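Visitor: fold the stuff below for me.
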Amino acid sequence: MKTVAGFLVVASFVAGLTSCQKEIDGGVTNNPQSADTILIKSVVYLDTTKAPGLDTMFKSEYTYDNTRRLVNSFSAEYYYSPPSPPGMTTFNYDFFYNGNNQHPFKQIITQGSLAPYHSFFTYNNSNFVIKDSSFSIATPSTVSIQSYATTASGGFVMVFKQKDLISGSVTDRDSVLYRRVITAGNILSGVDSSYHPTLGLRTINYAYIYDNKTNPFLSLVSVNTYLGSYFFSGDGILPVGRNNATSFSETYFDGINTNQTAGTVNYTYRSDGLPLTGRITGHPDVNKVLFSYYN
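Guide: The predicted model follows:
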């Protein structure tokens with residue numbers, strides 16, 4: 001599931017965030033946590049064409065404190081390459097709070113056996129992250145930097161850059177421009193653009209259609225820094241937002257060839273409208289998703 005790994009690896013390289021119009025958030029963050037908010041416990045993606053025990057492709061688990069604040073998110077991506085035994089890559093996110101504040105001031109991310117690193121956050125009045133004072137070292141000589149901006153139309157832009165630090169000099173290594181059109185808290189469309197020195201411009205275009213039910217990840221958006229999930233899908237496939245994606249389309253141009261993934265998701269819901277399961281068609285890696293909740 002390279003889409004999952006791509007999100008989790010890149011999202012861990014958070015560095016500097018800015019917002020040019022801080023009160024415009026596309027309906028993303030103005031959703032404060034309340035006592036009756038249903039908290040998601042776990043999400044599991046399956047490929048049911050595989051044998052039992054080898055069908056779990058990706059899972060995430062969420063832990064909260066006694067005031068219902070997220071304190072840990074743990075994810076595992078599984079891979080099966082016979083005759084080698086099954087393996088997995090893990091991603092651990094710890095969140096820290098000041099007093100009774102509902103939004104974390106610090107995040108520590110650990111990917112597999114890599115050394116953990118810290119991020120410190122500043123918010124505006126809409127609880128939109130406007131500054132991240134941390135940076136991460138991708139390699140001993142590479143630093144990754146990100147910045148955010150919003151537009152009056154509800155569009156979001158993020159720039160991801162990697163810099164090589166060689167003999168004290170700073171040289172661009174790679175960069176990606178992410179654009180999203182977000183309305184009422186949902187991604188309607190988006191495009192990722194990057195430039196390769198040999199292949200030239202490369203793009204990934206996204207498009208989604210939604211139901212009118214509550215997205216299980218909505219509470220995560222409202223209580224912590226999962227805003228980055230609007231640029232990299234929260235679980236690698238389904239987007240974070242206010243409602244649930246019922247169709248998805250991803251068109252990838254690598255500089256030479258164009259490939260498209262498109263499909264649908266058919267949900268079963270709880271009596272309160274939250275999804276319990278989703279049957280996925282058209283995705284190359286998974287065909288079913290399971291949600292569980294704390295209440």
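Visitor: and the pLDDT at the closest residue to residue 255 other than its chain neighbours?
Guide: Among residues not flanking residue 255 along the chain, residue 199 sits closest, at 2.8 Å (C-beta to C-beta, 6 or more residues apart in numbering). Quick note: C-beta positions are derived from backbone N, CA and C, even for glycine. Predicted confidence (pLDDT) for residue 199: 82.
Visitor: count residues in the vicinity of residue 199, would you?
Guide: Using other C-beta atoms under 10 Å, residue 199 is surrounded by 12 other residues.
Visitor: that one contacts residue 253, correct?
Guide: No: contact criterion C-beta atoms under 8 Å: residue 199 and residue 253 do not qualify, at 9.6 Å.
Visitor: pLDDT on the host helix or strand of residue 107, on average?
Guide: Residue 107 is part of strand 106-111, with elements assigned from DSSP states H and E. Strand 106-111 shows a mean pLDDT of 83.
Visitor: ok, now stretch 116-130?
Guide: Averaged across stretch 116-130, the pLDDT comes to 68.
Visitor: got a list of what the closest residue to residue 73 other than its chain neighbours touches?
Guide: Closest residue to residue 73 apart from its sequence neighbours, by C-beta to C-beta, 6+ apart: residue 93 at 4.2 Å. Shown in contact with residue 93 (C-beta atoms under 8 Å, 6 or more residues apart in numbering): 72, 73, 74, 107, 108, 109.
Visitor: so which strand or helix has residue 93?
Guide: Using DSSP H and E, residue 93 maps to strand 87-96.
Visitor: next secondary structure after the helix or strand harbouring residue 251?
Guide: Element membership for residue 251 (DSSP H and E) is strand 245-253. Scanning forward in sequence from strand 245-253 by DSSP H and E, the next helix or strand is strand 258-269.
Visitor: now do that next one against strand 245-253, angle only.
Guide: Here the directions of strand 258-269 and strand 245-253 differ by 170 degrees (axes from the mean of the first three to the mean of the last three C-alpha atoms, to 10 degrees).
Visitor: so which elements touch the following helix or strand past strand 258-269?
Guide: Scanning forward in sequence from strand 258-269 by DSSP H and E, the next helix or strand is strand 275-281. For strand 275-281, the packing partners by 3 or more C-beta pairs under 8 Å, 6 or more residues apart in numbering; DSSP states H and E come out as strand 258-269, strand 288-293.
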